[in-house]
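Chemist: requesting a structural model of the entry that follows:
(one chain, ligands or ions: 1)
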Amino acid sequence: MPDMDTSAPLLDVSSVAKSFTMHLRGGLRLPVVANVAFTVHPGECVVLGGPSGVGKSSILRMVYGNYAVDAGQILVRDQTTQEMADLATGDPRLVLDLRQNSIGYVSQFLRAVPRVSALDVVAEPLVTRGVERNVATSRAGEMLERLNLPSALFTLPPATFSGGEKQRVNIARGFITDHPILLLDEPTASLDAANRDVVVAMIKEKLGVGTAILGIFHDIPVREAVATRIIDVSAFSAREAA
Ligand SMILES: Nc1ncnc2c1ncn2[C@@H]1O[C@H](COP(=O)(O)OP(=O)(O)OP(=O)(O)O)[C@@H](O)[C@H]1O
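Modeler: Residues are numbered from 1 along each chain as shown. Alright, predicted model coming up:
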């Protein structure tokens, strides 16, 4: 594998703009952000800050390829080739490849799949990467134990779990792989103090091994504990500029 160049960014966003078109409102265009530009280097935790509605989640979703961009580049270091690949203009296949190897995402809410146990939900990203199922399941169990999920829940589907239990399953699933870039959308929003501390420790471990993290953290103590840099997304607001 090529050496990791720690001075080079893993994520390089430039000139990104996004507006939403409201088709049910006669095609009204709602500008959200423009000229979004930042980089994230190995071992950095860059936090997107700023008031509600300013575009933080939209930026995270564009970086994961969930929202199309109107303009700009989202360069992601491809773990396989070590080249920068433009996720903003790439085809869906490139987006899926990057998600498999290079960029992970912990959304705010778990998308519960009926009848799949919590253990299997967490183990699945490892299994799809070729890890033997029993090894993946045992790793998943360790992650869930660390996050204090009662072991009686391990074999149950998370659909009926509490908000905080679902969120812990989601975090375990997002942290079980070693993607070099990790996107976190308020991973501690529904957690109690003890579990928040576990997640903060898990984030710091990721940073320690050179993972580049981009996240949204409304919880101020968590943000202060993990952020290496805070970007005020108001600076990219397309509404103020309009
Ligand atoms: N799919 C969508 N369709 C239309 N408008 C959207 C869509 N997603 C977001 N928006 C609008 O874009 C703006 C930015 O939303 P976004 O969720 O990115 O803000 P945020 O900074 O993450 O807010 P919060 O801190 O409240 O979560 C909001 O005005 C929102 O209504």
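Chemist: so which helix or strand of this protein has the lowest pLDDT on average?
Modeler: Sorted by mean pLDDT, DSSP states H and E, the helices and strands of the chain end with helix 238-241, the least confident at a mean of 64.
Chemist: excluding sequence neighbours, find me the nearest residue to the residue nearest the centre of the chain.
Modeler: Most central in the chain under CA atoms, centre = their mean is L183, positioned 2.1 Å from the mean C-alpha point. Excluding its sequence neighbours, the residue lying closest to L183 (CB to CB, 6 or more residues apart in numbering) is Y105, at 4.5 Å. Glycine gets a C-beta too; all of them are placed from N, C-alpha and C.
Chemist: run a quick neighbour tally on that neighbour.
Modeler: If you count neighbours by other CB atoms under 10 Å, Y105 ends up with 20.
Chemist: how about it, what does it touch?
Modeler: Contact partners of Y105, counting by CB atoms under 8 Å, 6 or more residues apart in numbering, are L60, Y64, R99, G174, L182, L183, D185.
Chemist: could I get those in JSON lines, plus columns for secondary structure, distance to the ligand and pLDDT?
Modeler: Formatted as JSON lines, the contacts of Y105 follow (DSSP: H, G, I helix; E, B strand; the rest coil; distance: CB to the nearest ligand atom, whole Å; pLDDT from 0 to 100):
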{"residue": "L60", "secondary structure": "helix", "distance to the ligand": "8", "pLDDT": "96"}
{"residue": "Y64", "secondary structure": "coil", "distance to the ligand": "13", "pLDDT": "95"}
{"residue": "R99", "secondary structure": "helix", "distance to the ligand": "20", "pLDDT": "94"}
{"residue": "G174", "secondary structure": "helix", "distance to the ligand": "18", "pLDDT": "95"}
{"residue": "L182", "secondary structure": "strand", "distance to the ligand": "18", "pLDDT": "98"}
{"residue": "L183", "secondary structure": "strand", "distance to the ligand": "13", "pLDDT": "97"}
{"residue": "D185", "secondary structure": "strand", "distance to the ligand": "8", "pLDDT": "94"}
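Chemist: sec struct for the residue nearest to F175 when sequence neighbours are not counted, please.
Modeler: Leaving aside its sequence neighbours, F175 sits nearest to M202 (CB to CB, 6+ apart; 5.6 Å). Assigned by DSSP: H, G, I helix; E, B strand; the rest coil, the conformation of M202 is helix.
Chemist: per-residue confidence at the residue located most distally from the centre of the chain?
Modeler: In the chain, counting by CA atoms, centre = their mean, G26 sits farthest out from the average C-alpha position, at 33.2 Å. pLDDT recorded at G26 is 81.
Chemist: for it, give me phi and psi.
Modeler: Backbone geometry at G26, expressed as degrees, to the nearest 10, gives phi 70, psi 30.
Chemist: ditto for A37
Modeler: Here is the backbone geometry of A37 (degrees, to the nearest 10): phi -150, psi 120.
Chemist: please list all residues in contact with it.
Modeler: Counting by CB under 8 Å, 6+ apart, A37 has contacts V13, S14, S15, V16, F236.
Chemist: ok, of the residues you listed, which come out buried?
Modeler: V13, V16, F236 (16 or more other CB atoms under 10 Å).
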